[in-house]
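Participant: test case, fold it:
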Amino acid sequence: MTTTTLAVLVPLLPFLGSVAGLLLGRTAPGFVRPLAVLPTLAAAVLAVLVAIRQGGDEAIEASTRLTPTGSVPIDLSLYIDGFAALVAVLVGVVATCVQIYSTGYLRDDPRYPSYAALVSLFTSAMLLVVYSGDLMVLLVGWEIMGICSYFLVGHYWETPEARAASLKAFLVTKLGDVPFLIGLFALATDAGTFRITGVLDTVEKGGLDHPTLIALLLLAGVAGKSAQFPLHTWLPDAMAGPTPVSALIHAATMVAAGIYFTARLLPVFAESAAAMTVLAVMAAITMVGSALAALAQDDIKRVLAYSTIGQLGYMAGALAVGDRGAAVFHLVSHGAFKALLFLAAGTVIHAAGTNSLTAMSRMSGLAKRVPDAYWTMTVALLALAAIPPFAGFFSKEAVLVAAEHTALGDQTIQPSPAGAGWTVLVAGLITALLTAAYALRLWLRTFRGRGAEAPDHGRQPIAMTTVLWVLAIPSLGFGLTVTYLDDWFDGHALTPTVTTAVLGTGLAAAGAAITYAVWRTLAARTGAVQLPVPHVAHPDADAGLVEAEALHLPHPAEDPADPGRALLGPLHAPAADGFHLDAVYRAAFVRPVLAAASLVRFLDREVVDTYVRAAGNSAQGLGWLVRRAQTGNIQTYLSALLAGSVVLVIAAVALANAVAGA
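Facilitator: Numbers count the residues shown, from 1 in each chain. Predicted structure coming up:
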């Protein structure tokens, strides 16, 4: 079987599994789990085979004309280089792990068939984005992911949080997708093609007429999809969906799509120094702001959500300094340990049988209760904090090294402003300190916390715990393969340098040490204060905080043993609220739109409807008069006819006299 055929099957198999799952979900429920797992697993195996055959060498290309358009043609094409091959493997492996994990996590969920089918469709759409060689076909996968995220985030639609979160995710990403679509059309107009290779050839020849405008329009879509400032606010709220969905969105699909797209078309962005500077500033604000917000959160899933935003900021920073190899290397590394973090958090939630346990201030005794989650989450947090030799250390160092080279004027990879390099380097080092701080805070409060123990729901399903250990392997060892991956990442080395390694690791160690010291001090001062955990029947029914307030328990933000509050000081309140960006959006967008809608409603009811009602009433009145005239009396009709005739005769005589006199 040719490599092209294998590559076509990679996104096709999950799609067919999704269709079959939707069709057989009600009539043959016994087939639902095999149809969820096996096609995705087969796609992952085929993605590995495609990567082996591609081997980091020349890109694999194949295309066929999809439809004649009369102007810019649209092709159904494949373009698989080293980046695409590795990212497809990541998507396939993580999606398979999520599907296997979900068979245990959602084993009693009546909507599991539709959930599993949507996850398969989500996976297929991302694989289409990864392998596509045509921008319009890529856009199809891009938009399918958007609608899948809407349904999956809103899986528990009975809760208002899930409904609001799914709508917010859809609308905020669409806010970026509109300029993104305009940018794609402008790019195709300048290049004369939607083919990615054709676009890159045009850039190489200097054929783009509006590089800055195109790059900025495309960045809007990237910011929405990959949750970058200022369109990142949807991602923390998306935690209202099932935890496996969070793992898939954060690790291998949705948020990775924008970074991957930018890496694919990096020469387009590099044509504009202004766009690269905007990307660097956006990445820097995202990194530091999200790390501060993560340090203030009490919900474990929201901590991880803000963590994802910050790590995506690292990737965007690498792209801003022109190193797509470092960006994709961190994307793959982050995908492994972030999927592990979310699935381990899901194991904690599942063990308690209550989503109130996502509040770290109410956790206790979990290290012994869920040892698999404890050890694997420890590995993932060490990778997140970039502690050597874990995967996150090598990939984060690749970003810092790229920023250092650009800041010092080394333009050997891709030209980028030196100011962008300094911006990314400084923000990256600050974020390294903050990341280690919130990672250790999460570990201490989750597994060494002093909340009350939730009910023990027994040993976790083997499908869930096995997946955790599978993902722990790349979280620990993937970074060690960095010396063997040069051919996959544009042929340049991604190994750390002494300067950035010492600075980055030293700051991470300092952040962890300070956090631990503060935690020990607060723990000794406050003593063993235990907070009872109210029981909620559904694993993801988010009612814990409401019940806690009804019982007059301390609010998580007021937990005296929280080192985040002490470390942030006056920044804690705004950081916990995401620096009030949602309030800004409500004032800038939501309220004006609602006011405009109210005005339109008023005009429709009081002006337009008034004329419509008047026309209707006039016709109704005329009909009443005509109806009154229909008496059924023949003498009345003859009298009216005679009177009318007399009037006509008189009018005719008067008109004749008037004409004669003239």
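
Participant: okay, now the unreliable bits of the chain?
Facilitator: 69, 352-357, 365, 411-414, 450-458, 526-560, 662 (pLDDT under 70).

Participant: ok, 50 please
Facilitator: For the chain, applying pLDDT under 50 flags the ranges 355-357, 528-557.

Participant: now the biggest helix by length in it, how far from the centre of its chain.
Facilitator: For the chain, the helix with the greatest residue count under DSSP state H is helix 160-191. Its chain's average C-alpha position is 11 Å from that of helix 160-191, according to Cα atoms, centre = their mean, to the nearest Å.

Participant: which neighbouring elements make contact with it?
Facilitator: helix 135-153, helix 196-204, helix 211-225, helix 234-237 (3 or more Cβ pairs under 8 Å, 6 or more residues apart in numbering; DSSP states H and E). Every residue, glycine included, has its C-beta placed from N, CA and C.

Participant: need the contact list for Ala656.
Facilitator: Not one residue lies near Ala656 by Cβ atoms under 8 Å, 6 or more residues apart in numbering.

Participant: for it, give me phi and psi.
Facilitator: phi -60, psi -40 (degrees, to the nearest 10).

Participant: try Leu494
Facilitator: Dihedral angles (degrees, to the nearest 10) for Leu494: phi -120, psi 20.

Participant: so what's it up against?
Facilitator: Gly325, Ala326, Phe329, Phe394, Ser395, Ala398, Val401, Val482, Leu485, Asp486.

Participant: okay, those in TSV with neighbour count and distance to Val255 next?
Facilitator: As requested, the contacts of Leu494 are exported to TSV (neighbours: other Cβ atoms under 10 Å; distance: Cβ to Cβ, whole Å):
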residue	neighbour count	distance to Val255
Gly325	25	20
Ala326	30	18
Phe329	30	17
Phe394	26	21
Ser395	30	16
Ala398	29	19
Val401	24	24
Val482	21	23
Leu485	19	22
Asp486	16	27
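
Participant: okay, strands next: where are they in this structure?
Facilitator: Using DSSP state E, the strands of the chain run over 60-67, 74-80.

Participant: circling back to that earlier point, buried residues in the longest helix of the chain?
Facilitator: Going by neighbour count (16 or more other Cβ atoms under 10 Å), the buried part of helix 160-191 is 161-162, 165-166, 168-170, 172-173, 175-177, 179-184, 186-188, 190-191.

Participant: what's the angle from that helix to strand 74-80?
Facilitator: 100 degrees (axes from the mean of the first three to the mean of the last three Cα atoms, to 10 degrees).

Participant: name the residues that touch stretch 94-101?
Facilitator: 14, 36-37, 40-41, 43-44, 116, 119-120, 122-123, 126, 244-245, 247-248, 251-253, 335-336, 339, 343, 346, 463-464, 466-467, 470-471.

Participant: run the chain-centre distance for it.
Facilitator: Counting by Cα atoms, centre = their mean, stretch 94-101 comes out at 18 Å from the chain centroid.

Participant: put the alpha carbons of that stretch into PDB.
Facilitator: What follows is stretch 94-101, C-alpha atoms only, in PDB (Å, rounded to 0.1, in the frame of the first residue of the first chain):
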ATOM      1  CA  VAL A  94      -3.800  11.200  22.200                       C
ATOM      2  CA  ALA A  95      -7.200  10.700  20.600                       C
ATOM      3  CA  THR A  96      -6.900   6.900  21.000                       C
ATOM      4  CA  CYS A  97      -6.000   7.300  24.700                       C
ATOM      5  CA  VAL A  98      -9.000   9.700  25.100                       C
ATOM      6  CA  GLN A  99     -11.300   7.200  23.500                       C
ATOM      7  CA  ILE A 100     -10.100   4.300  25.600                       C
ATOM      8  CA  TYR A 101     -10.100   6.400  28.800                       C
END
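
Participant: the closest residue to Leu581 other than its chain neighbours: how many residues sit nearby?
Facilitator: Leaving aside its chain neighbours, Leu581 sits nearest to Thr233 (5.3 Å; criterion: Cβ to Cβ, 6 or more residues apart in numbering). By other Cβ atoms under 10 Å, 19 other residues sit near Thr233.

Participant: quick one: the longest helix of the chain to helix 196-204, angle?
Facilitator: 60 degrees.

Participant: related to what we said a few turns ago, please produce a PyMOL select command covering the buried subset of the contacts of stretch 94-101.
Facilitator: Only the buried entries of these go into this PyMOL selection, using 16+ other Cβ under 10 Å:
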select buried, resi 14+36+37+40+41+43+44+116+119+120+122+123+126+244+245+247+248+251+252+253+335+336+339+343+346+463+464+467+470+471
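
Participant: just the contacts of stretch 94-101: which are in helices?
Facilitator: Filtering those for helices - DSSP H - leaves 14, 36-37, 40-41, 43-44, 116, 119-120, 122-123, 126, 244-245, 247-248, 251, 335-336, 339, 343, 346, 463-464, 466-467, 470-471.

Participant: list the residues that contact the nearest residue to Leu138 once chain neighbours are set aside.
Facilitator: Distances taken as Cβ to Cβ, 6+ apart place Ser132 nearest to Leu138, at 4.2 Å, with adjacent residues excluded. Ser132 makes contact with Ser77, Leu78, Tyr79, Leu138, Gly141, Ile196 under the criterion Cβ under 8 Å, 6+ apart.

Participant: distance check, Ser132 against Leu468.
Facilitator: Distance, Ser132 to Leu468, using Cβ to Cβ, to the nearest Å: 32 Å.

Participant: how about Leu429?
Facilitator: Taking Cβ to Cβ, one finds Leu429 at 31 Å from Leu468.

Participant: hang on, the earlier thing: closest one to Leu9 out of the contacts of Leu494, please.
Facilitator: Set against Leu9, the nearest of those by Cβ to Cβ is Leu485 (25.1 Å).

Participant: the closest one contacts Phe329, doesn't it?
Facilitator: Yes: with contact defined as Cβ atoms under 8 Å, Leu485 reaches Phe329; the gap is 7.2 Å.

Participant: fine by me, we can end here.
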